[in-house]
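>>> Have a look at this fold, sequence not included:
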């Protein structure tokens, strides 16, 4: 059931947005930092944390998608051209697609490399792929490439929000802020 | 009755017959030494690709059985090349100074059925521990298969020193599983 059109995001939507922003920033930073560290107990710990956080992010994305299909998000300002509106929707679609694809590629990569993902060291997530070096290396490349693309889309997302706030002077940025 | 006594006499007088039942030719290609352990809750496994095994086992006289294993520690396959390299180093096996792990059997107990218990000494990285290894033996004609598993604590052998000495990342307990196939001559 869809609720009525509003001008602001619900508290739930805002909370999910900012929670995920923090989580994804941490995941990206940790991922780019840890991958070429020499083997050490800390590296293994970082990998485990990254995988636990990745699974958590994936579940949060599902919750966000659940919110998205049961609510109509605030409309884009009518001052935006059709092309800009399309670009905004395409950008958000890319963000969601990557937020789903990246943890999936990480999980499959872990399986192919022979390291099962065990959420918080407690809940084992089944290995969908058997151990296979070539597949593992390929999925590592996929995971990395998707993340580089993700960084580019996030830069576009932040840039667009700032452009709306500073140049267009509309409420696109502020309606996602707390206490708006 | 006469015939029975004759058979009995023959059986005791024929040590050759008893020797024929001794399993002492280890088939390396049908034998394996694997291990499993926990890494932050994740079950990991690996194996040793090279080991030499000497074995004398007669199911009729299990307590006389003898076994010696020399495991080439550098032949470890942890599943990840960088980990294979890491565990060869000083904090782990220090394979330059201690290239092999050795097990030498002592007394053997028959537990009934096809189950046995082998006491022995395990030496890794210059440290020797008394261990007890449970094993089963299944004969299939002229070949027999020994299966078993036992747990060692890596800390007892200083496997994983320094930064690795704590057991929060790599657990202390290492389960060693083996399958040894041996033929009788």
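That came through, no problem. As the structure is a prediction and not an experimental result, all values here were calculated from the model. Numbering: from 1, shown residues only, chains lettered A, B, ... in the order given.
>>> Kindly tell me how buried the residue of chain B found nearest chain A is, as a neighbour count.
Closest residue of chain B to chain A, C-beta to the nearest C-beta: residue B:41 (2.9 Å). (C-beta placed from N, C-alpha, C; glycine too.) Neighbour count of residue B:41, defined by other C-beta atoms under 10 Å in any protein chain shown: 16.
>>> Apart from its chain neighbours, what residue comes closest to it?
Counting by C-beta to C-beta, 6 or more residues apart in numbering or on different chains, residue B:41 lies nearest to residue A:121, which is 2.9 Å off, once chain neighbours are set aside.
>>> How is the one you found assigned, secondary-structure-wise?
coil (DSSP: H, G, I helix; E, B strand; the rest coil).
>>> what does residue A:58 give?
With three-state DSSP as the criterion, residue A:58 reads helix.
>>> wait, it sits on residue A:100?
Yes: here residue A:58 reaches residue A:100: they are 7.1 Å apart, a contact under C-beta atoms under 8 Å.
>>> The residue most central in space within chain B bridge partners, please.
For chain B, the residue nearest the mean C-alpha position is residue B:178 (5.8 Å; C-alpha atoms, centre = their mean). Legend: beta-bridge partners of residue B:178 under DSSP bridges are residue B:33, residue B:148.
>>> State whether it and residue B:30 are indeed in contact, as I suppose.
No: here residue B:178 does not reach residue B:30: they are 12.0 Å apart, not a contact under C-beta under 8 Å.
>>> how much space between the residue nearest to the centre of chain B and residue B:32?
Distance, residue B:178 to residue B:32, by C-beta to C-beta, to the nearest Å: 7 Å.
>>> Then residue A:32?
In terms of C-beta to C-beta, residue A:32 sits 39 Å off from residue B:32.
>>> Give me the neighbour count for the residue nearest to residue A:7 when sequence neighbours are not counted.
Spatial nearest neighbour of residue A:7, excluding adjacent residues (C-beta to C-beta, 6+ apart): residue A:74 at 5.3 Å. Using other C-beta under 10 Å, residue A:74 has 17 other residues around it.
>>> Tell me which residues touch the residue of chain A found nearest chain B, please.
The nearest approach of chain A to chain B comes at residue A:121, 2.9 Å away (C-beta to the nearest C-beta). Residues near residue A:121 by C-beta atoms under 8 Å, 6 or more residues apart in numbering or on different chains: A:48, A:52, B:40-42.
>>> Look at residue A:86 and report its pLDDT.
At residue A:86, the model reports a pLDDT of 95.
>>> scratch that, residue B:142 is what I was asking about
88.
>>> Next: residue A:64.
According to the model, residue A:64 scores 94 on pLDDT.
>>> Please verify my assumption that it contacts residue A:18.
No: the pair residue A:64 and residue A:18 does not pass the contact test of C-beta under 8 Å, sitting 11.6 Å apart.
>>> Run through the residues that contact the residue nearest to the centre of chain B.
B:31-34, B:146-149.
>>> which parts of chain B sit against chain A?
Within chain B, the positions near chain A by C-beta under 8 Å from any C-beta of the partner chain are B:39-44, B:79-80, B:82-83, B:86, B:163-164, B:166, B:168-170.
>>> measure residue A:38 to residue A:177 for me?
Taken as C-beta to C-beta, the span from residue A:38 to residue A:177 is 42 Å.
>>> out of the two, which sits in the more crowded spot?
Legend: neighbour count by other C-beta under 10 Å for residue A:38 and residue A:177, higher for residue A:177 (14 against 8).
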